[in-house]
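[1] Sequence plus predicted model, see below.
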Amino acid sequence: MKLCIPAALAAALAVSGCASVVRGTTEKVSVNSEPPDAAIRTSLGHSCPASPCTVEVSRKEGFTAFGEKEGYKPGSIYIGTKMSGNGAAGLAGNILVGGVIGVGVDAVTGATLDHFPNPAVITLVPAEATGESTKAVVPPPPTQPKNNSARTGV
């Protein structure tokens, strides 16, 4: 019976990623506004009646947060993801333990990623003022590699 517990633990570690186990697959992201107390909503469906606002999101999903307050121009900010130092350490743990499957699990779940900026700040400009509130800058979608298989004349 004692042999079953270590074997079960080893099997569980072999099919899970270090970062997934240590960091989890979701992260809390804080969205603030300047001035405070703006209503916040996200492109993922979260909403808060007044900032500061904290939402829990999948580590692998970037999203846009929108801020609105009476008397101010609406604003937005894109919150992306990137490999973090802690996520890289979890990935290295997979390599050291020999968990190729764990590397795949961490890649699929996004466990090696962190959101940035976190905390995020949306600066709202008074409605009568010149200038614009913070505007989301969304990165372009990844480009597809060109397919060279259509070449002829070989």
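    Structure's in. What do you need?

[2] all strands for the chain, in order.
    Taking DSSP state E as the criterion, the chain contains strands spanning 26-34, 39-42, 47-48, 53-58, 63-68, 75-83, 113-116, 120-123.

[3] most tightly surrounded among those strands?
    Across those, averaging neighbours per residue (mean count of other C-beta atoms under 10 Å) puts strand 63-68 on top, at a mean of 22. C-betas here are computed from N, CA, C, even on glycine.

[4] Which of the strands of the chain sits closest to residue 139?
    strand 75-83 (6.5 Å; C-beta to C-beta).

[5] rewinding a little: can you list the strands of the chain in a markdown table and add distance to residue 130 and mean pLDDT?
    Output for these, formatted as a markdown table (distance: least, C-beta to C-beta, whole Å; pLDDT from 0 to 100):
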| stretch | distance to residue 130 | mean pLDDT |
| --- | --- | --- |
| strand 26-34 | 17 | 95 |
| strand 39-42 | 24 | 98 |
| strand 47-48 | 29 | 97 |
| strand 53-58 | 28 | 95 |
| strand 63-68 | 19 | 96 |
| strand 75-83 | 15 | 91 |
| strand 113-116 | 29 | 88 |
| strand 120-123 | 14 | 97 |
